[in-house]
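1. Any chance you could fold what I've pasted below:
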Amino acid sequence: MNSGTGLRPDLKSASIMLVDDEPTTLDVMELFLRDAGYGLFTKTTDARRVLELLAAELPDLLLLNLMMPKLDGIQILNAMHARRELRDIPVIIVSSSSDADTKHQALEHGAADFLCKPVDASELEMRVQNTLAARANLDRDGSATRGGPSTPSRHVKAAASRSLEPLVSRLDQSDSRSRAILVSFVGRLQAKLLAMEASFEAGDFEELVALAHWLKGAAGTVGFDAFTQPAETLRLLAQEEKGSEIEASLQEIRELAGRVVIAGDPGA
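-> Below is the predicted model:
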């Protein structure tokens, strides 16, 4: 974990709002940012509450997931732009979608920066600090504007090993907070796998796409990168409704889930 000793003193008091429909992602980002020296957070998993919370809190920075049920990140960016009191709040989009078109769309709609999941602690710290520093400098000049020309993230993860070794998160599991997040994720993973099976059996490919998207983002965020490519494969197969190939993809994901361990647990 980053100690946060390099954080500019004038930025330590910044208030940050975190928005993601996956609570594990919120927990991990808050953990990373607290270790970087930040301490004021507002979090929500309900995209419909974002505008209300923004108006009440007026945070210094918003970290916003792009693909969420009910209301997506682009809709929130547009709604913020339409409200004078919200349009100058800088926004960093955090998304599992890393294609150029998605990044460009977010930046065109006013995002200050774009960060790809799974979130890397050092990159998150760097982008948050740079965005806050740019906002502070612009505010001092009296010319704060949204939608600066930030360079999109190029965060790329190496392909996961296909060995039969246990899967252990890259998070620091000597930290009790990290372990609590991992325990929560593993419990949620089992429920999501059952939901994937049920969606496949019911022919609900739209729900299966959403569940695969969740797995790619959530598993990567908590350090189980071996799920990233299989989850993306499942998402694409579900989009194309390729039943026989989906079954094999689900089997691969089940096998990976069976290898997940939390360091220090019995049998790990």
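2. What residues are bridge-paired with Phe41?
-> Phe41 has these beta-bridge partners by DSSP bridges: Ile16.
3. List the contacts of it.
-> Ser15, Ile16, Met17, Leu18, Glu30, Leu33 (C-beta atoms under 8 Å, 6 or more residues apart in numbering). Every residue, glycine included, has its C-beta placed from N, CA and C.
4. ok, now how distant is it from Ala14?
-> To Ala14, Phe41 is 10 Å away according to C-beta to C-beta, to the nearest Å.
5. rewinding a little: pick out the most distant pair among the contacts of Phe41.
-> Largest separation among the contacts of Phe41 by C-beta to C-beta: Ser15 and Glu30, giving 12.6 Å.
6. where does this structure have its least confident helix or strand?
-> helix 121-141 (a mean of 80; mean pLDDT, DSSP states H and E).
7. For that one, name the packing helices and strands.
-> helix 23-35, strand 61-65, strand 91-95, strand 113-116 (3 or more C-beta pairs under 8 Å, 6 or more residues apart in numbering; DSSP states H and E).
8. right, and the helix or strand after that helix?
-> For helix 121-141, the following helix or strand on the C-terminal side (DSSP states H and E) is strand 167-168.
9. What pairs with that following strand, parallel or antiparallel?
-> strand 260-261 (parallel).
10. circling back to that earlier point, of the helices and strands packed on helix 121-141, which approaches Leu211 most closely?
-> Using C-beta to C-beta, the nearest of these to Leu211 is helix 23-35, at 14.3 Å.
11. okay, now the domains of this protein?
-> Domain assignment for the chain, taken from automatic domain parsing, gives 9-141, 167-261.
12. Could you work out the end-to-end span of the shortest one for me?
-> Its first and final residues considered, domain 167-261 spans 6 Å by C-alpha to C-alpha, to the nearest Å.
13. any idea which helix is longest in the chain?
-> helix 176-202 (DSSP state H).
14. Just confirm Leu193 contacts Arg254, I think it does.
-> Yes: using C-beta atoms under 8 Å, Leu193 makes contact with Arg254 at a distance of 6.5 Å.
15. Which one of those two is surrounded by more residues?
-> Leu193 (17 against 12; other C-beta atoms under 10 Å).
16. Please name the residues that touch the more buried one.
-> With C-beta under 8 Å, 6+ apart, Leu193 has these contacts: Ile253, Arg254, Ala257.
17. Show residues contacting stretch 17-27.
-> 29-30, 41-47, 50, 53-54, 57, 59, 61-65, 68-69, 76, 94, 117, 119, 181, 184-185, 188, 214, 217-218, 221-222.
18. how far does that stretch stretch from start to finish?
-> Length of stretch 17-27, first residue to last, C-alpha to C-alpha: 12 Å.
19. quick one: it to chain centroid distance?
-> Taking C-alpha atoms, centre = their mean, to the nearest Å, one finds the center of stretch 17-27 at 7 Å from the center of the full chain.
20. In that stretch, which of the residues would be classed as buried?
-> Across stretch 17-27, burial judged by 16 or more other C-beta atoms under 10 Å covers Met17, Leu18, Val19, Asp20, Asp21, Glu22, Pro23, Thr24, Thr25, Leu26, Asp27.
21. Would you point out the most distant pair within these?
-> The most widely separated members of those are Met17 and Thr24, with 17.5 Å between them, by C-beta to C-beta.
22. ok, back up a step: tilt between the longest helix of the chain and helix 23-35?
-> Computed by axes from the mean of the first three to the mean of the last three C-alpha atoms, to 10 degrees, the angle separating helix 176-202 from helix 23-35 equals 160 degrees.
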